[in-house]
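**Q** Provided below for reference: sequence and predicted model.
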Amino acid sequence: MLEGCRTAKERWGGVSDIVDHWLNRRQELIVLYCSINGMEQLNNDQRPLSVKLKQLCQLLVDYVSEGHFAVYEQLNQEGMEFDDGGVELAHSLYPQIESNTHQCLDFNDNCESISNIKSLQEALSSLGETLEERFMLEDNLIEILHESHRSHVA
């Protein structure tokens with residue numbers, strides 16, 4: 001997941017300030033997720049688990065919101081300006097992104113009620129899969145709405 005984030009930043013870093021900020025948020029989200037999930041190389045964060053989970057939920061909601069209310073809108077506007085068919089193709093991704101958003105928000109809504117380690121591990125595993133899918137969908141969206149005419153924007 002972290003490697004995929006680095007690749008996205010390499011490919012689309014500099015697209016716009018909004019996308020750059022959003023990709024940095026993605027990286028923060030992944031690093032915190034990995035810290036909570038016990039990945040050794042990223043587990044030097046010694047804060048209590050409850051504090052990290054609260055921050056993860058906040059970052060998750062902020063990231064999802066920023067995508068919906070800033071990044072997708074900017075990319076969609078760019079696609080409309082170039083009118084190269086990208087907007088129609090991107091619209092086919094939105095229902096999948098919307099479904100994924102509900103999964104992210106469900107994790108946020110239910111996080112505080114998780115009562116044991118096994119349930120937390122299952123919820124984190126499911127969230128990891130949800131995030132992987134989300135990042136793939138969002139990368140496709142950027143590819144469709146920006147990359148096809150990047151040379152014209154630059």
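**A** Good, I have the coordinates. Owing to the predicted nature of the structure, the values given are computational and were not obtained by experimental measurement.

**Q** shaky segments in the protein?
**A** 1-15, 39-45, 147-154 (pLDDT under 70).

**Q** thought residue 100 was touching residue 130?
**A** Yes: assessed by C-beta atoms under 8 Å, residue 100 is found in contact with residue 130 at 6.0 Å. In this view, the C-beta of every residue, glycine as well, is placed from N, C-alpha and C.

**Q** Do a quick rundown of the strands in the protein.
**A** Using DSSP state E, the chain contains no strands.

**Q** can you map out the helices along it?
**A** Secondary structure of the chain (DSSP state H): helices at 2-12, 17-36, 49-66, 72-82, 86-91, 94-110, 117-145, 150-153.

**Q** Need those helices in CSV (columns: mean neighbour count).
**A** Below are the helices of the chain laid out as CSV (neighbours: other C-beta atoms under 10 Å):
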stretch, mean neighbour count
helix 2-12, 15
helix 17-36, 18
helix 49-66, 16
helix 72-82, 17
helix 86-91, 16
helix 94-110, 15
helix 117-145, 17
helix 150-153, 11
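
**Q** Residue 33 touches residue 56, doesn't it?
**A** Yes: taking contacts as C-beta under 8 Å, residue 33 lies within contact range of residue 56: 6.3 Å.

**Q** So the nearest residue to residue 108 once chain neighbours are set aside versus residue 144, what's the distance?
**A** Of all residues not flanking residue 108 in the chain, residue 57 sits nearest, at 4.6 Å (C-beta to C-beta, 6 or more residues apart in numbering). Computed as C-beta to C-beta, to the nearest Å, the residue 57 to residue 144 distance reads 30 Å.

**Q** One more: residue 138?
**A** Using C-beta to C-beta, one gets 11 Å for the distance from residue 138 to residue 144.

**Q** so what sits against both of those two?
**A** Residues within reach of residue 138 and of residue 144 at once, by C-beta atoms under 8 Å, 6 or more residues apart in numbering: there are none.

**Q** Just give me the neighbour total for residue 38.
**A** Residue 38 is flanked by 10 other residues according to other C-beta atoms under 10 Å.

**Q** swap that for residue 69, sorry
**A** For residue 69, the tally of surrounding residues (other C-beta under 10 Å) stands at 9.

**Q** any idea how far residue 93 is from the residue lying closest to residue 86 once chain neighbours are set aside?
**A** Counting by C-beta to C-beta, 6+ apart, the nearest residue to residue 86 once its immediate chain neighbours are dropped is residue 79, at 4.1 Å. Distance of residue 79 to residue 93, given as C-beta to C-beta: 12 Å.
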